[in-house]
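A.B. asks: Got a predicted model here, sequence first, then my questions.
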Amino acid sequence: MIVSIIIPTYKREAELKRALVSIAEQTYKDLEVIVVDDNANEKMNAIVKTNVEEVRKSFPELDIKLIVNEQNMGSAKTRNIGIFEAKGQYISFLDDDDIYLPQKIEHQLKHIMESGADFSVTDLELYNENGKLIETRKRSYIEKTDKNSLICYHLKYHITGTDSLMFKADYLKKIGGFDEIDIGDEYYLVFKAINEGGTLSYLNRCDIKAFVHKSGGLSSGDTRIEGEKALYRFKRRYFDLL
């Protein structure tokens, strides 16, 4: 059973290599890694290629595909490129500055297969740039899994964190992957996955380290504010369910 792991990358150097090594060190080995380089910059393209080649050399058994966007596409479109290139029966995600702990894929794949769900979510731990744990997001609020209950949980708590998600590939492709919205793209994806009738299973553990950075990025400033306002307007349409 192949699990495809999608890594969109933008302006990351050492972090990307660290992320790739964390995949190479997974206890589950039937993996396909798809790195989608969204830098659209020759210097950064060369750095990404070097990092991928170094990991390939160190871990020759790891199947890594590198796709280079000719133009900067943003996170949602970039992830979708990886999704629709994926050959695995299941798809997971890893942000280029985060890492998986060694049993992440093994635990989540076993769980989703045993549950028969269309997609699954785990807990999420957030770390600062110094590696200190600053927040744990547990999903213990998920007590019912009918569509209306899941939408309500998602409205209130956000069942998000792309690193924490795993999908049946057929279901993810059927619903069209990510909406091409870069602010809150993971929120819209999970909402769509629930609203389209997909079954969700919750694995009560965390095998992820997600890092929170002080510096801004593409999703900062006015762009972030407008994106958050748009997300609130979207959520407000469903407040009557609460």
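C.D. replies: Yep, that arrived.

A.B. asks: Can you name every helix or strand that the helix or strand containing Tyr232 contacts?
C.D. replies: Tyr232 belongs to helix 221-236 when assigned by DSSP states H and E. Applying 3 or more Cβ pairs under 8 Å, 6 or more residues apart in numbering; DSSP states H and E, we find helix 221-236 packed against helix 185-195. The C-beta positions use only the backbone N, C-alpha and C, and glycine is treated the same way.

A.B. asks: contact partners of stretch 20-27?
C.D. replies: Contacts to stretch 20-27, defined as Cβ atoms under 8 Å, 6 or more residues apart in numbering, come from residues 5, 7, 31, 33, 35, 51-52, 55, 58-59, 62, 64, 94, 99-106.

A.B. asks: same check, this time on stretch 36-44
C.D. replies: Residues from elsewhere that reach stretch 36-44 (Cβ under 8 Å, 6+ apart): 6-11, 45, 48-49, 66-75, 78-79, 81-82.

A.B. asks: So, low pLDDT: which residues of the protein?
C.D. replies: Counting by pLDDT under 70, the chain has low-confidence residues at 215-221.

A.B. asks: where along this structure do the strands fall?
C.D. replies: Counting by DSSP state E, the segments of the chain that form strands are 3-9, 31-37, 63-68, 90-93, 99-100, 119-122, 124-127, 133-137, 165-168, 200-203, 208-211.

A.B. asks: Quick one: those strands as CSV, columns for mean neighbour count and distance to Val190 too.
C.D. replies: CSV is the format used below for those (neighbours: other Cβ atoms under 10 Å; distance: least, Cβ to Cβ, whole Å):
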stretch, mean neighbour count, distance to Val190
strand 3-9, 25, 16
strand 31-37, 23, 20
strand 63-68, 16, 24
strand 90-93, 25, 12
strand 99-100, 22, 20
strand 119-122, 23, 8
strand 124-127, 19, 13
strand 133-137, 12, 13
strand 165-168, 24, 7
strand 200-203, 21, 8
strand 208-211, 20, 16
